[in-house]
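[1] After the sequence you'll find the predicted model.
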Amino acid sequence: MSSTVTWRSSSNGGSGPRSPAPLSISRGPSLPLDGHEDAPLPTGTRCIYICDWLPPDFGAVGQYSLQFARERADQGQDVLLVGFSSRQSSREIEHCGSGRLTIRRLKVRAYDKTRLLHRCWWTLLVNLRLLFRLTPRFPWTDEIVFTGSPPFMVHWVAPLGRLFGCRVIYRITDFYPECLMAACRRVPLALRCLYAVTLFWRRRVSVLEVLGEDQRQRLLEAGLSPERIRLKRDPAPVAIDETTQPLDPPFELANQVVLLYSGNLGVAHDVDTFAHAYIRHHKEGTGRVLLWLNAVGSGAAALAARLREANVPVVVTTPVPLERLASLLVTPHAHLITLRNEFSGFVMPSKVYGCLDSGKAVVYIGPKSSDVHMLCTSRLPADQYHQVEVGDSAGALAALEALADSRELVAS
């Protein structure tokens, strides 16, 4: 059992939360934090774990990073997990057996994902802020783990880690700049140069940790050494079992076959194929399936607007907090997952694990080369999994009708 102590920064003359000095995890005498001393643990690896948005802020990378950091602390490590908060800066300490986890949240403004230049500037500023906080303790750290979010940290952490003799683990969640390149009709020279520099530094980290075999294949195709690539899949972000109770869905969903899209719906996710099929399902088909959009991202807003313009039903709600996610996942009859072909192996829709654990059917619009297809095929009965290629709106329409037919058979 772990105990938790929470500390939050105080206001400073009405100017809002102030960010305290960072926590030390040094081998020798600790560095001060707002007048406090944190004695180092006598044994165990000192680890710094870097990610982006930490719970309760929405973000799959932060949810999984918190899980993995706790696992390390349970194994006796002294772990400092650093990420962002849209609310206020804070520090929490959890004592886990012989280990310790310090969770450090830095208050950061959210950014507009639709504005590329603003997003790039935000990324540069937050990366520099993280480095300013963490670099002084790299000499006292055994291992640095950082994720693909925020992007491009490899350009700083890889050289600094080598300089200070740290073991550096790069957990590649989303590939950058490959995701930017995949979104371009014609890749500009600047992105090609950035890609070359990124590959240079990827070759110099200790371990490249991938989320799926499709990501491993992408790295091998880029010439990375297979000996340094390690597969570590994400678990489901929440525990789901037979005691998990569903939510009360919005009243519009009553007596309908509910298809849920939850999580992020952004540039990597196909929207067109499903939109065409769903509109035809309600205009020309039986119209028995109703979409529940519990999502964020530019694609979520665009899909909702498109369906409303076509005068077909859609229920839109804001994402639920993490403590209600398990109940959300067991509420619908089926889950919708989409992925554009060009992003296969660069992005892994992590929600697939929660969808599979829910025991519900899955409609996947995306390429078979993604690990999404492999996982669904291996874990779901054939009649509960519907895979459709991107652009095959007729196939997606057939999947919706088959989903509705299967629910009626169950009901009867």
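    That came in fine, so what should we check first?

[2] Sketch out the low-pLDDT regions of the stretch 51-200 of the chain for me.
    113-114 (pLDDT under 70).

[3] can you pull out the strands in it?
    78-85, 90-96, 99-107, 143-147, 167-171 (DSSP state E, counting those that start in this stretch).

[4] Of all those, which one comes closest to residue 340?
    Residue 340 sits nearest to strand 143-147 of all the strands of the stretch 51-200 of the chain, at 21.8 Å, using CB to CB. (Glycine included, C-beta is placed from N, CA and C.)

[5] hang on, the earlier thing: just so I know, which of the strands of the stretch 51-200 of the chain lies nearest residue 217?
    That would be strand 167-171 among the strands of the stretch 51-200 of the chain, by CB to CB, at 16.9 Å.

[6] before we move on, the earlier item: can you put the strands of the stretch 51-200 of the chain in a markdown table and add distance to residue 156 and mean neighbour count?
    Below are those laid out as a markdown table (distance: least, CB to CB, whole Å; neighbours: other CB atoms under 10 Å):
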| stretch | distance to residue 156 | mean neighbour count |
| --- | --- | --- |
| strand 78-85 | 14 | 25 |
| strand 90-96 | 23 | 18 |
| strand 99-107 | 16 | 22 |
| strand 143-147 | 9 | 24 |
| strand 167-171 | 11 | 21 |
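
[7] Can you say which of these is nearest to residue 50?
    Here strand 143-147 is closest among those (CB to CB), at 4.1 Å.

[8] Outline the domain layout of the chain.
    As given by automatic domain parsing, the domain ranges for the chain are 3-173, 251-407.

[9] How far does the last one stretch from one end to the other?
    End-to-end distance of domain 251-407: 19 Å, with CA to CA, to the nearest Å as the criterion.

[10] Report the mean confidence score over it.
    Domain 251-407 comes out with an average pLDDT of 95.

[11] same deal with stretch 212-226?
    96.

[12] Could you pull out the buried residues of it?
    By neighbour count on 16 or more other CB atoms under 10 Å, the buried set for stretch 212-226 is 212, 214-219, 224.

[13] how far is it from where the chain is centred?
    20 Å (CA atoms, centre = their mean, to the nearest Å).

[14] swap in stretch 306-314?
    28 Å.

[15] Could I have the CA atoms of it written out in CSV?
    Extracted as CSV, the C-alpha positions of stretch 306-314 are listed here (Å, rounded to 0.1, in the frame of the first residue of the first chain):
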residue,chain,number,x,y,z
ARG,A,306,-20.5,17.3,-41.0
LEU,A,307,-23.1,14.9,-39.6
ARG,A,308,-25.3,17.7,-38.3
GLU,A,309,-25.2,19.4,-41.7
ALA,A,310,-26.3,16.1,-43.3
ASN,A,311,-29.2,16.1,-40.7
VAL,A,312,-28.2,12.7,-39.3
PRO,A,313,-28.2,12.0,-35.5
VAL,A,314,-25.1,12.2,-33.5
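
[16] Show residues contacting that stretch.
    Outside stretch 306-314, the residues within contact range by CB atoms under 8 Å, 6 or more residues apart in numbering are 252, 271, 275, 278-279, 282-283, 290-291, 293, 303-304.

[17] Might one say that residue 276 is in contact with residue 393?
    Yes - assessed by CB atoms under 8 Å, residue 276 is found in contact with residue 393 at 3.8 Å.

[18] Which parts of the stretch 201-350 of the chain are helices?
    213-221, 272-283, 298-309, 325-329 (DSSP state H, counting those that start in this stretch).

[19] What is the shortest one packed up against?
    Here helix 325-329 is seen to pack against strand 257-264, helix 352-357 when contacts are counted using 3 or more CB pairs under 8 Å, 6 or more residues apart in numbering; DSSP states H and E.

[20] Now do that helix: everything it contacts.
    237-240, 244-247, 260, 262, 294, 320, 335, 354-355, 357-358, 360.

[21] Same question for the second one.
    Counting contacts by CB under 8 Å, 6+ apart, the residues outside helix 272-283 that touch it are 287, 289, 291, 303, 306-307, 310, 312-313, 336, 338, 365, 388, 390-397, 399-401.

[22] and it, how far from the chain's centre?
    Using CA atoms, centre = their mean, the offset of helix 272-283 from its chain centre is 27 Å.

[23] got it, and the third one?
    When distances are taken as CA atoms, centre = their mean, helix 298-309 is centred 22 Å away from the chain's centroid.
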